[in-house]
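Q: no sequence on this one, just coordinates:
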């Protein structure tokens, strides 16, 4: 039981550190590198930061394009 608690706490701490590191990444610029944009979105998607990953929202008419206004 003790090993389970230690593993759970270690995993939780690692997840928090990884999420904080991903949130510290600078926002991609509009005409920047496509590779960095992919890396930025992929990192936030894997870490479940869907608000930063700009995942398509089916409830919004603009989909996943944050600069488009309807």
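A: Cool, the structure landed. These numbers come from a predicted model, not from an experiment. Numbering: from 1, shown residues only.
Q: helix, strand or coil for residue 17?
A: Three-state assignment for residue 17 (DSSP: H, G, I helix; E, B strand; the rest coil): helix.
Q: Distance of it relative to residue 2?
A: 23 Å (C-beta to C-beta, to the nearest Å). Bear in mind the C-beta positions are built from the backbone N, C-alpha and C, glycine included.
Q: helix or strand for the nearest residue to residue 25 once chain neighbours are set aside, which one?
A: Distances taken as C-beta to C-beta, 6 or more residues apart in numbering place residue 40 nearest to residue 25, at 5.9 Å, with adjacent residues excluded. If you go by DSSP states H and E, residue 40 is part of helix 34-46.
Q: And that helix, what's buried?
A: Neighbour-count burial for helix 34-46 flags 40-41, 43-44 (criterion: 16 or more other C-beta atoms under 10 Å).
Q: That's all I had, so thanks and see you.
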